[in-house]
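In: need a 3D model of the following:
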Amino acid sequence: MRGPARIVNVSSRAGLRSIIRSPQLLARLTSAASPQQLDELAAEFVSAIRAGKHAAQGWPSSMYGVSKLLVSLWTAQLAERLRGEGVMVNAMCPGWCRTDMSSQSGNKSAAEGADTAVWLALRSPKDLATGQFWGERSTIGW
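Out: Sure thing, here's the model as predicted:
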C-alpha cells in the first residue's frame, strides 16, 4: 500500500511576506491565482531591478528573498490546487546552515537544516495540514 504523496519545497524566512513593504504590491502577490501570474510578477521584479526602479515600485533589493517568497506563494497555490487529491504540499525553512552558500558560517549543519524537510516528508497526512510554512518542525506565519 502506498502512502499519500508529499511535496516539500525549500524556502526561507528571508522570503516572508514582511519583506514587501508596499501594501499594493503585497496584495498583488498574495492575490496571484496561478503560477503564470507569479511568473509575470517575477519578471516584473527582474525588470524593475534591471531598471533600478525596484524600490520605487515597492520591491525589496533581495533577489534571494523575493525568489523564496515566490516559492512560498507557489507552494500555497499548489497546495490549494491539490487539496483533496491526497497530496500534502508544504514549504520549509532549513535555517542558516553551514554550506558553501553561507561560506560555511551557518549555525546548523546541513543535516540539521534538512531535519524539518525529512520530518514533513514522512509525516502522516492526519498529522499535518497542507499549504503551510514550516521551520524546526513548527509552522511559521508566512
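In: pretty sure His141 sits against Phe133.
Out: Wrong residue type there; residue 141 is Gly, not His. Yes - counting by Cβ atoms under 8 Å, Gly141 touches Phe133, with 7.5 Å between them. (Each C-beta comes from the backbone N, C-alpha and C, glycine too.)
In: show me which of the two is the more surrounded one.
Out: More crowded of Gly141 and Phe133, by other Cβ atoms under 10 Å: Phe133, with 22 against 8.
In: please name the bridge partners of that one.
Out: Under the criterion DSSP bridges, Phe133 forms beta bridges with Ala91.
In: surely it and Trp142 touch.
Out: Yes - contact status for Phe133 versus Trp142: in contact at 5.2 Å, counting by Cβ under 8 Å.
In: between those two, what contacts are shared?
Out: Ser72 (Cβ atoms under 8 Å, 6 or more residues apart in numbering).
In: so what's the gap between stretch 95-113 and the chain middle?
Out: Taking Cα atoms, centre = their mean, to the nearest Å, one finds stretch 95-113 lying 18 Å from the centre of the chain it belongs to.
In: what's the longest helix in this structure?
Out: helix 63-82 (DSSP state H).
In: what residues of it count as buried?
Out: 65-79, 82 (16 or more other Cβ atoms under 10 Å).
In: how about those, which pair is most distant?
Out: Spatially, the most separated pair among the buried residues of helix 63-82 is Gly65 and Leu82, at 26.0 Å (Cβ to Cβ).
In: how about the helices in this structure?
Out: According to DSSP H, the helices that the chain contains are 23-31, 35-51, 63-82, 110-122.
In: Val10 is nearest to which of those helices?
Out: It is, among the helices of the chain and with distance given as Cβ to Cβ, helix 110-122, at 6.5 Å.
In: just the C-alpha atoms of the closest one, please, in CSV.
Out: What follows is helix 110-122, C-alpha atoms only, in CSV (Å, rounded to 0.1, in the frame of the first residue of the first chain):
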residue,chain,number,x,y,z
ALA,A,110,23.2,20.7,6.5
ALA,A,111,21.8,17.6,8.2
GLU,A,112,20.2,19.7,10.9
GLY,A,113,18.8,22.0,8.3
ALA,A,114,17.3,19.0,6.5
ASP,A,115,15.5,17.7,9.6
THR,A,116,12.2,19.5,9.0
ALA,A,117,12.1,18.6,5.3
VAL,A,118,12.6,14.9,6.1
TRP,A,119,10.1,15.2,9.0
LEU,A,120,7.5,16.7,6.7
ALA,A,121,8.1,14.1,4.0
LEU,A,122,7.5,11.3,6.5
